[in-house]
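Visitor: Need coordinates for the following:
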Amino acid sequence: MNIKNKKTIVIKIGTTSLIDEGKLSQPLLHSLAEKIKQHQNTHNFVIVTSGAVSLGGMELNYKTRPKSMKKLQVASAVGQIQLINEYKKVFNENDLQIAQVLITKNLIDDREQFVNTTQALNELLAQNIIPVINENDVVATEELKFGDNDRLSAIVSIIVNASKLILVTNKQGLYNFNPDKNSDAKMIEFIQFNSSQLNDLIPISTRW
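Guide: This next block holds a predicted model:
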């Protein structure tokens, strides 16, 4: 089926869902690959993944998540290799081809970079290759970071004109505030796709 006739689904996987007892959750990765394989003839898939910093920190024997930018960059650089290799191994077992794509927030303000990223992702999908996307923490500065991959996945969904964005998380739903940091956080049972409430929850938009 032609890429234009396929709906595109973006799947964002958070660290707490992906990392199980200090290791990548193999059951989750295998289940994800199997489900994508089942529906690849009718859908394009894009994965936005977290986990590089956690994996790198564990390999470097950091006791806690580093706070300094330099240590975060080091942990990300070390962990990203392990992260993408695990995806490649599991997806290859299911006869699926992946490609690593590292993105920075610059693309929001740089039209040429935005267009190039859009073209690259669309070409990968046209060739039946699954982009596995993460933020490029190694080169990002505090001012030029998405902040979290929920926001990154929202931008990616715009870039690929996704029909659906799926957030894989250890929470039971969407909250108005972070329930880990705010005891008054309440679950949102229903939200309109183009509502101002959704815009407030994902306060990043692109110019193009």
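
Visitor: Quick one: residues contacting the residue of the chain positioned farthest from its centre.
Guide: No residue in the chain sits farther from the centre than residue 184, which is 27.2 Å out by C-alpha atoms, centre = their mean. Shown in contact with residue 184 (C-beta atoms under 8 Å, 6 or more residues apart in numbering): residue 177. All C-beta atoms are positioned from the backbone trio N, CA, C, and that covers glycine.

Visitor: That one: what secondary structure?
Guide: Per DSSP: H, G, I helix; E, B strand; the rest coil, the local secondary structure of residue 184 is coil.

Visitor: pLDDT score assigned to it?
Guide: Note for residue 184: predicted pLDDT of 80.

Visitor: Please tell me how far it sits from residue 92.
Guide: 45 Å (C-beta to C-beta, to the nearest Å).

Visitor: do the same with residue 6
Guide: Distance, residue 6 to residue 92, using C-beta to C-beta: 22 Å.

Visitor: excluding its backbone neighbours, what's nearest residue 153?
Guide: residue 12 (3.7 Å; C-beta to C-beta, 6 or more residues apart in numbering).

Visitor: how much space between that neighbour and residue 125?
Guide: Distance from residue 12 to residue 125, by C-beta to C-beta: 17 Å.

Visitor: Who has more neighbours out of those two?
Guide: residue 12 (25 against 18; other C-beta atoms under 10 Å).

Visitor: What pLDDT is listed against that one?
Guide: 96.
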